[in-house]
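# requesting a structural model of the entry that follows:
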Amino acid sequence: MLGTLKPGQRIHLLGIGGSAMAPVAGMLREAGFRVSGSDTGVYPPASTLLDTLGISYFSSFDAAHLDPAPDLVVVGNVIARGNPELETVLDRKIPYCSMAQIIESVFLPGKHSVVVSGTHGKTTTTAMLAWIFEQAGKRPNFLVGGVAENFGKSYGLGGGEEFIIEGDEYETAFFDRGPKFFHYHPDSLVLTSLEFDHADIYVDFAAYELAFRRLVNLVPRGGRLVYWGDAEESGPAMARVVQKAFCAAERYGFREGNDWLAGDLAAESGGTRFRVAHQGREFGEFLLAASGRHNVLNALASIAVAHARGISPEAIGRALTSFRSVRRRMDVKGEAGGVLVVDDFAHHPTAVRATIEAVRSRWPGRRLWAFLEPRSNSMRRRIFEEALPQALALADRVVLGGVFRAQQLGEEERLSPEGVAESVRKLGRDARFIPETQAIVELVAAEAQPGDLLLVMSNGSFDGLCDKLMKRLGGSVSGKAEGVRP
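Residues are numbered from 1 along each chain as shown. Alright, predicted model coming up:
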């Protein structure tokens, strides 16, 4: 069916409200297909995008939504057996595929596929690459797992030679338990980092590593692999994974021996200034409109890919200076009474650490509160219980919320926020477990002082904590905290 798809046919998306599914719906609409979809609870930015594009969708699942039958159904990875529309698709033998398959079949043919993968940083790096290619006049096609602020949306179909896509290692669909990135056929592959994640999908780190080894093995001989090469930090798994490459490979990082080397980092009011050398030769000095060492690494990977695709240092520099990152990455929600509220997507100990360090660099001298909602499928489990306190203790005060959907996990498997808070206190920081959001708000109202910074970290809405904090403190919110799912 995928090989015979033609513009004008109707494609129905199950799970259209997902952070990637809604942009794909927009891409299909722009490609000339008639698009519809179903989901339960469609929220911004997905609802905003769909409404703006005039894409009709149902806020429920019902077999009647498939009358008359669409030409194809795209099944999101949150859709499971028992869903009434999925059961109807199977009963009536309506053609179906996964989101990754529709991208593979409709949008990637004839394009140079630039896939950005890794445990951390792939969303920001994908958005950064898209903006560099845009500023260089290369009319990129791209798909980011978040709203790229420079574009105001998560995708673009510029018609250029490259398709830049975030390579997600999460499972593809109920009928395809392999990672989505296997469908993206990378010509240029970025590998940002390797740490265990998605404990609900991968039984252990060996299984997680194997998925990336297989991804690297897909790059053709004429392709290129760009990977984080600071061996002391990137770890032995990275070295094992890149051994599967049959293409040219370049390393980037801060330590000698990397092909792309960043140095002389300096925090400035406009972001971070740094110098870059390529294979021992000066490549350029750049000002990145983002804070944090981790963002310099993201920029360095982007520079390596852009240079290989013929983009000049001058064009790269213009893009980095004007780069506006991705929504919910150190997203300033507002300030009230001298108290600043910042929202971030961090949901892994390494990301928590990097975010806190970046916040310290960008807003030095402020007393930093760190609020964490254990929400992701990995963060809800005990696997990070030892690493998390060390990361959180970089803040001055720590508040842990309740485990999201705690009842779905047994006590022996579930993260103990109380235990994490106790471990943080042993490291010399004030730390509390407060399961009720309103109680967190009242604590802040009673104890926050002018000059404080409230950093809210979750890969979901944290029960609207950012909005509630701003309202209680008397300020206006600059954006809505948004629930996000795959």
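
# endpoints of stretch 188-206, how far apart?
Stretch 188-206 stretches 24 Å from its first residue to its last (Cα to Cα, to the nearest Å).

# residues of it that come out buried?
188-199, 201-202 (16 or more other Cβ atoms under 10 Å). C-beta coordinates here come from the backbone N, C-alpha and C atoms, glycine included.

# between these, which is nearest Ser322?
Nearest to Ser322 among those, counting by Cβ to Cβ, is Val190 at 21.1 Å.

# how near is the closest one to Glu357?
Plainly put, Val190 is 22 Å away from Glu357 if you go by Cβ to Cβ, to the nearest Å.

# least trustworthy position among the buried residues of stretch 188-206, going by pLDDT?
Lowest pLDDT within the buried residues of stretch 188-206 is found at Ala199 (81).

# now it. Nearest residue, chain neighbours left out?
In space, and not counting its chain neighbours, Ala199 is closest to Ser378: 4.6 Å by Cβ to Cβ, 6 or more residues apart in numbering.

# in the stretch 151-300 of the chain, mark out all the helices, start to finish.
205-216, 231-234, 236-242, 293-308 (DSSP state H, counting those that start in this stretch).

# mean pLDDT lowest where, among those?
Minimum mean pLDDT among the helices of the stretch 151-300 of the chain: helix 231-234, a mean of 87.

# how far does that helix sit from its chain's centre?
Distance, stretch centre to chain centre, for helix 231-234: 22 Å (Cα atoms, centre = their mean, to the nearest Å).

# which regions of this protein sit below the pLDDT cut-off?
1, 475-486 (pLDDT under 70).

# tell me the spacing between the residue nearest the centre of it and Gly160.
For the chain, the residue sitting closest to the mean C-alpha position, by Cα atoms, centre = their mean, is Thr123 at 4.0 Å. To Gly160, Thr123 is 21 Å away according to Cβ to Cβ.

# domain assignment for this protein?
9-99, 108-322, 331-473 (automatic domain parsing).

# got TSV for these, with distance to Leu2 too?
Output for those, formatted as TSV (distance: least, Cβ to Cβ, whole Å):
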stretch	distance to Leu2
domain 9-99	6
domain 108-322	11
domain 331-473	29
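
# tabulate the buried residues of stretch 188-206 (JSON lines), appending distance to Asp343.
JSON lines is the format used below for the buried residues of stretch 188-206 (distance: Cβ to Cβ, whole Å):
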{"residue": "Ser188", "distance to Asp343": "31"}
{"residue": "Leu189", "distance to Asp343": "30"}
{"residue": "Val190", "distance to Asp343": "26"}
{"residue": "Leu191", "distance to Asp343": "28"}
{"residue": "Thr192", "distance to Asp343": "22"}
{"residue": "Ser193", "distance to Asp343": "22"}
{"residue": "Leu194", "distance to Asp343": "27"}
{"residue": "Glu195", "distance to Asp343": "23"}
{"residue": "Phe196", "distance to Asp343": "25"}
{"residue": "Asp197", "distance to Asp343": "21"}
{"residue": "His198", "distance to Asp343": "23"}
{"residue": "Ala199", "distance to Asp343": "25"}
{"residue": "Ile201", "distance to Asp343": "26"}
{"residue": "Tyr202", "distance to Asp343": "28"}
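
# go through the residues you listed and say which is closest to Phe345.
Asp197 (13.3 Å).

# so who does that closest one touch?
Asp197 makes contact with Thr119, Glu169, Tyr208, His348, Ser378, according to Cβ atoms under 8 Å, 6 or more residues apart in numbering.

# let's see 7 Å
Thr119, Tyr208, His348, Ser378 (Cβ atoms under 7 Å, 6 or more residues apart in numbering).

# thought Glu162 was touching Val116?
No - here Glu162 lies out of contact with Val116, judged by Cβ atoms under 7 Å, at a distance of 11.9 Å.

# please state the offset of stretch 209-229 from the chain centre?
20 Å.

# need the residues that contact it.
117, 169, 179, 181-182, 185-194, 234, 237-238, 240-242, 244-253, 258, 297, 301, 304-305, 308.

# now swap in stretch 373-391 and tell me
196-200, 347-349, 352-353, 356, 401, 403-404, 409, 413-417, 419-420, 423-424, 427, 458-460, 462.

# and stretch 309-322, by the same measure?
Residues contacting stretch 309-322 (Cβ under 7 Å, 6+ apart): 131-132, 135-136, 162, 283-284, 286-289, 299, 303, 306.

# ok, and for it, which residues are buried?
Arg309, Ile311, Pro313, Ala315, Ile316, Gly317, Arg318, Ala319, Leu320.

# TSV for the residues you listed, including distance to Leu225?
Formatted as TSV, the buried residues of stretch 309-322 follow (distance: Cβ to Cβ, whole Å):
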residue	distance to Leu225
Arg309	14
Ile311	18
Pro313	22
Ala315	23
Ile316	20
Gly317	24
Arg318	27
Ala319	22
Leu320	22
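
# OK, contacts around the residue nearest to Ala266 when sequence neighbours are not counted?
Spatially, and ignoring its direct neighbours in sequence, Ala266 is nearest to Arg273 (4.7 Å; Cβ to Cβ, 6+ apart). Residues near Arg273 by Cβ under 7 Å, 6+ apart: Ala266, Glu285, Leu287.

# Val42 versus the first one, what's the distance?
This points to Ala266. 43 Å.

# show me which of those two is the more surrounded one.
Val42 (22 against 10; other Cβ atoms under 10 Å).
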